[in-house]
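> One predicted model, sequence on top.
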Amino acid sequence: MLCICAFACKKVSGPANGKSVQPNNNRDSTVSISSTINGANWATDSAYGFLQVQSANDSGIVNLIINATNYSGAIPTSMKLYITNYTGPNTYEIAPPANSATYYVGNNRNFATAGEIVITSDTAYALKGTFNFVADTVTVASGVFNVALP
């Protein structure tokens, strides 16, 4: 009986051998978001994408949220990109409140008034794109992201 139980035990595959942003290598070393903020480089390897279904279950509308935080300085900074009615690779103009971008310095929010989020690739493993925006006195340029497909 003990031998049968021993052979029946099998380790369940976990996140270590799950799908990755980089196909075929099982590591998420390219998950990142970077940009130039007021001329200074800003980057983080903590970038997350989320799909949010509208409250009306049968509407078919899905929103995309991308969050990233940089803890390297004395005050954490973060960025949030939001697309209402995400439909795949496309150019989404920043037009709050539908499509928005926000840059945070500590608890201070800088809401974007102009710019764009461009989804360049929506593959089986990754969501890639570029962005730029102007938020109050903050200019975010040359933004690039690569997040695991939400």
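Sure thing, it's come through. From a predicted model like this one, the values you see are computed outputs, not experimental measurements. Residues are numbered from 1 along each chain as shown.

> ok, and for the helix or strand hosting G143, which residues are buried?
According to DSSP states H and E, G143 maps onto strand 138-148. By neighbour count on 16 or more other Cβ atoms under 10 Å, the buried set for strand 138-148 is T139, V140, G143, F145, N146, V147, A148. Backbone N, C-alpha and C define where each C-beta goes, glycine included.

> what do you get for stretch 89-109?
Result for stretch 89-109 [16+ other Cβ under 10 Å]: buried residues Y92, I94, N99, S100, A101, T102, Y103, Y104.

> got the contact list for the residue nearest to the second one when sequence neighbours are not counted?
It refers to I94. Excluding its sequence neighbours, the residue lying closest to I94 (Cβ to Cβ, 6 or more residues apart in numbering) is G115, at 4.3 Å. G115 makes contact with E93, I94, A101, F131, N132, F133, V134, V140 under the criterion Cβ atoms under 8 Å, 6 or more residues apart in numbering.

> all strands for this structure, in order.
32-37, 40-44, 47-53, 62-70, 77-83, 90-93, 99-105, 108-122, 126-135, 138-148 (DSSP state E).

> Make CSV from those strands and add mean pLDDT to it.
Output for the strands of the chain, formatted as CSV (pLDDT from 0 to 100):
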stretch, mean pLDDT
strand 32-37, 94
strand 40-44, 93
strand 47-53, 86
strand 62-70, 92
strand 77-83, 95
strand 90-93, 97
strand 99-105, 96
strand 108-122, 95
strand 126-135, 94
strand 138-148, 94
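
> Output the buried residues of strand 138-148 in CSV; the columns should cover distance to S35.
Converted to CSV, these look like this (distance: Cβ to Cβ, whole Å):
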residue, distance to S35
T139, 10
V140, 5
G143, 4
F145, 9
N146, 13
V147, 14
A148, 19
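
> thinking again about what came up before, nearest to Q54, out of the buried residues of stretch 89-109: which one, please.
Comparing the buried residues of stretch 89-109 against Q54 with Cβ to Cβ places N99 closest, at 14.9 Å.
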